[in-house]
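Student: Here is the input, now give the coordinates:
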Amino acid sequence: MDGKTTDTARGARTDGLSQAQTLIIAAAAGLSVANIYYAQPLLDLMAHDIGLSSAAVGLVVTLTQVGYGLGLLFIAPIGDLIDRRKLILVQGLLSAVGLVVVAAAREKAMLLAGMGVVGLLAVMVQVLVAHAASLATPAQRGRVVGTVTSGVVTGILAARSVAGTIADVGGWRAVYLTSALLTVAMAGVLISVLPRQSAERNSETYIHALLSIPMMFLREPALLFRGILALLIFASFSTFWTALVLPLSAPPFSYSHTWIGLFGLVGLAGAIGATCAGRLADKGYGQWTTGAFLALLLASWWPIAFLPFSIPMLLTGVFLLDLAIQAVHVTNLSVVVALHPQKSGRLIGGYMIFYSAGSAIGAIAATTTYAQFGWAGISALGATFGAIALAVWIASLFSPSAGRRRSRCSV
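Tutor: Numbering: from 1, shown residues only. Here you go, the predicted structure:
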C-alpha cells in the first residue's frame, strides 16, 4: 500500500492541522512523556518511603523504561492500523489508572509494577507524534513534528521541576495523583479537538505490522544507524539525570527537591536545539549536524564532572548536554519519519525502542556506578556513552551502505 492510499485509508485531511490543534497535541505529548521522568528527582523519597536501597532504587526508572519499550513494540504499531484518535483516548484513561496505582503503592512490588504500567502507556506520546505527522500536509509536516517534539522536550525537562515542587508541598505520591487528574482532562480535550477519521481501515494485520519493524531496521541502514545513536545518547542522558538527585540531596548541598527539579529548566535549551537541528536536517545537513552535536555531548561531561566543586560549571554542562541530546534526537526523527511517512507509527516506535533501552541502561548503570565510584564514576560513564556514539558516527562516514543512504535521507 503506497503512501497516498494509506493516507486515504487513515482518513488524513487535506488541509492538515491548525496551529491550535498542533499546540494542543504538543502539550498532550509533553504531559504524557513527563510521566516517565517524574521519578528521577524523587528517587530518594521513594526509597525511604518504600524501603529500597540506593542501588535498587534505580529499578524504578529502569522498569518504567522497560514498560515504555514494550509499549513501543506492541502498542505503537497499532496506530498504523486503527483510528489513532480512539487509541489515544483508551491509552490516556488507562494511564491515569496506572498513575493512581503508583500513588497508592505501599510495597516494593506494587510500586515497581505500577511504574512498569505507567511506562507502557506513556507510549501515547509517540502515537501523538505519529498522528500529528500523518494529519499534517507534506508542506507543514516538518513544522508540525518540530512543534510537537518541542512539547516533548519541554515535558521531559519540566517534569523534574514540577515533580520536585509538588513533592516538597504534598509528598511524592501527590505528584502521581496530580498527573492522573491532568491525564484524564487531557484525554477529554484531545477527543474533542482531534479530527475524526474515516471508517475505512488499513487491511494490513497487526502481526504483519509488528514483524515489519525489525525487518525495516535490518533493511534500512539509516534506521539502524539512527537507532544505535538513540540508544547511546539517551544512555548518557539517563546516566546524568538519574544520578543527579543523589549528590545534590546529600550534604554539603542538601538541596530541596524543588531546587533539584529546577536544574531541569536549564535544559530547556534543548527545545531551541530541537528547532534549529530540524531546520538544518530539512536543508540536507543532517549528517554534519549529528556529528557536531555528538561532539558537544562528549564535551558537556567535562563541566559536569565539576559538580563537587562548582555549581555554575555543572549548570553549563546541563545546558550543553540537553542541547546536544535533543538536537541529535530531532535529527534522528526527521530521518526516520521521512523514509516512510505512511508507516510513521511503527518507525517511530521501533526507533524509540532504542531510546528506551538506552534510558534503562543508563538508569541502572548510574545508580550502581554512583554507589561504587561516586560522581567521578558517573562522569566517566556518561562521557563513555558519548564517546562511543561519536565513534559510531565517525565510522558511518566510511560505511558504503551508509553512504548510499545519505543522498536519500541525510543520514
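
Student: In this protein, where is pLDDT below threshold?
Tutor: Of all residues in the chain, those with pLDDT under 70 make up the ranges 1-15, 54-55, 139, 142, 197-202, 269-275, 278-279, 282, 400-411.

Student: Quick check: phi and psi at Ser18.
Tutor: Torsion angles at Ser18 (phi, psi; degrees, to the nearest 10) stand at phi -80, psi 170.

Student: Look up how far Leu135 lies from it.
Tutor: Per Cβ to Cβ, to the nearest Å, Ser18 is found 10 Å from Leu135. Bear in mind the C-beta positions are built from the backbone N, C-alpha and C, glycine included.

Student: Please say which of those two ends up with more neighbours.
Tutor: Between Ser18 and Leu135, Leu135 has the larger neighbour count (other Cβ atoms under 10 Å), namely 25 against 11.

Student: thought that one was touching Leu17?
Tutor: Yes. Using Cβ atoms under 8 Å, Leu135 is in contact with Leu17, at 5.2 Å.

Student: Overlap of the contact sets of those two?
Tutor: Both Leu135 and Leu17 are in contact with Val144, where contact means Cβ atoms under 8 Å, 6 or more residues apart in numbering.

Student: SS state for Leu307?
Tutor: Put simply, Leu307 is coil when judged by DSSP: H, G, I helix; E, B strand; the rest coil.

Student: Quick one: neighbours of it, just the number.
Tutor: By other Cβ under 10 Å, the residues close to Leu307 number 22.

Student: Show the contacting residues for it.
Tutor: Pro247, Met313, Leu314, Trp375, Ser379.

Student: likewise Ala174?
Tutor: Taking Cβ under 8 Å, 6+ apart, we find Ala174 in contact with Ala103, Ile166, Ala167.

Student: host element of the second one?
Tutor: Yep, that's Ile166 we're talking about. Element membership for Ile166, per DSSP states H and E: helix 141-170.

Student: Then the first one?
Tutor: Element membership for Ala103 (DSSP H and E) is helix 84-104.

Student: On the C-terminal side of that helix, identify the next helix or strand.
Tutor: Where DSSP H and E defines the elements, the next helix or strand beyond helix 84-104 is helix 108-121.

Student: phi, psi of the most far-flung residue of the chain relative to its centre?
Tutor: Distance from the centre of the chain peaks at Pro252, with 32.1 Å (Cα atoms, centre = their mean). Backbone torsions for Pro252, taken as degrees, to the nearest 10, come to phi -90, psi 0.

Student: for it, what are its contacts?
Tutor: Per Cβ under 8 Å, 6+ apart, neighbours of Pro252: none.

Student: For Ala47, see how far away it is.
Tutor: Remark: distance between Pro252 and Ala47 (Cβ to Cβ) = 21 Å.

Student: next one: Asn35
Tutor: Between Asn35 and Ala47 the distance is 19 Å, computed by Cβ to Cβ.

Student: Compare those two and say which one has the larger neighbour count.
Tutor: For Asn35 and Ala47, the more surrounded residue by other Cβ under 10 Å is Asn35, and the numbers stand at 30 against 18.

Student: contacting residues for the more buried one?
Tutor: Applying Cβ under 8 Å, 6+ apart to Asn35 gives the contacts Ser95, Leu99, Val118, Gly119, Ala122, Ala159, Ser179, Thr183.

Student: now Gly267
Tutor: For Gly267, the contacting residues are Leu157, Val318, Phe319, Leu321, Asp322, Leu323, by Cβ under 8 Å, 6+ apart.

Student: ok, for the fifth one, nearest residue in space, not its chain neighbours?
Tutor: Nearest-residue entry for Asp322: Gly267, 3.1 Å, with adjacent residues in sequence omitted and distances by Cβ to Cβ, 6 or more residues apart in numbering.
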